[in-house]
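J.: how would this look folded up:
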Amino acid sequence: ETVANFLRYVDEGFYDGLIFHRVIKNFMVQGGGFDAQLHEKKGRGPIKLEAKRKNKRGTIAMARTNNPNSATSEFFINHIDNDFLNPKSGRDGYAVFGGIVGGGPDYAVLNAIAKVPTHTYKGYGDVPVKAVVIESIRRAATAAPTAAPAPSAAPSYRPSYEPSLRPTSNPTPRPSPAPTTTPGNP
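T.: Numbers count the residues shown, from 1 in each chain. Have a look, this model is predicted:
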């Protein structure tokens, strides 16, 4: 349900023009719910929590409120391993559903976003001073298999999409409903 939810937003172009509204270096970058003026973009209803994978560096997970079944469109990318966000006895965790494919140079965009200057604006913390805009997120084209795929040791959980991100200098954001503000609850 988590991957299908995200891909439905992708296919609808929902994320086009939204921003990473919460950026905390050595933690995560969060986006998918606000435009550059911090106007909230309403998504569909919440989905059921499917927290089964670990919040490792470069993985993408659904943001939510304290209600474990409250995720809608917002997501975050883990800048480091965030084991305290993993599900375990007595803790619901956060639903990891994808990740940055590759490594090394593929983390350059994540690292660039994670180090942008942030400020507190009208009580909202960790908002980039200059908006980091998601120009678009689209599914990546995939080639048809030429032979039956070999069985793998672990199933793949990374959706096929390619985010296109760039920092911009948009007008100063205006206040709107507060993004999640506690580091333990992206």
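
J.: all contacts plus neighbour counts: C-alpha atoms, from now on.
T.: OK.

J.: Residue 21: neighbour count?
T.: 28 (other Cα atoms under 10 Å).

J.: now do the one 5 residues further on
T.: Under the neighbour criterion other Cα under 10 Å, residue 26 is assigned a count of 15.

J.: what's the answer for residue 102, then?
T.: 9.

J.: And residue 34, what's its pLDDT?
T.: Listed pLDDT for residue 34 reads 95.

J.: wait, I meant residue 14
T.: 98.

J.: Enumerate the positions of stretch 43-56 that are buried.
T.: The neighbour-count check on stretch 43-56 (16 or more other Cα atoms under 10 Å) flags 47, 49, 50, 51, 53, 54, 55, 56 as buried.

J.: next one: stretch 73-89
T.: Buried residues in stretch 73-89 (16+ other Cα under 10 Å): 73, 74, 75, 76, 77, 78, 79, 81, 82, 85, 86, 87.

J.: again with stretch 103-118
T.: For stretch 103-118, using 16+ other Cα under 10 Å, the buried residues are 110, 111, 113, 114, 116, 118.

J.: tell me the secondary structure for the fifth one?
T.: Right, residue 116. coil (DSSP: H, G, I helix; E, B strand; the rest coil).

J.: That one against residue 128, yeah?
T.: Yes - between residue 116 and residue 128 there is a contact under Cα atoms under 8 Å: 6.4 Å.

J.: Common neighbours of those two, please.
T.: Counting by Cα atoms under 8 Å, 6 or more residues apart in numbering, the contacts common to residue 116 and residue 128 are residue 23.

J.: Where does the prediction get shaky in this protein?
T.: Where the chain drops to pLDDT under 70, the residues are 122, 143-186.

J.: contacting residues for residue 87?
T.: Shown in contact with residue 87 (Cα under 8 Å, 6+ apart): 51, 52, 54, 93, 94.

J.: so how far is residue 37 from the residue lying closest to the last one once chain neighbours are set aside?
T.: Closest residue to residue 94 in three dimensions, ignoring its sequence neighbours and counting by Cα to Cα, 6 or more residues apart in numbering: residue 51, at 5.2 Å. Residue 51 is 31 Å from residue 37, where distance means Cα to Cα, to the nearest Å.

J.: Where do the strands of this structure begin and end?
T.: 20-24, 28-31, 59-62, 75-78, 96-99, 118-121, 124-128, 132-138, 162-167 (DSSP state E).

J.: Enumerate the helices of this structure by residue range, in sequence order.
T.: Remark: helices assigned in the chain by DSSP state H are 2-12, 108-114.

J.: Would you confirm that residue 28 contacts residue 80?
T.: Yes - Residue 28 is in contact with residue 80 according to Cα under 8 Å; the separation is 7.2 Å.
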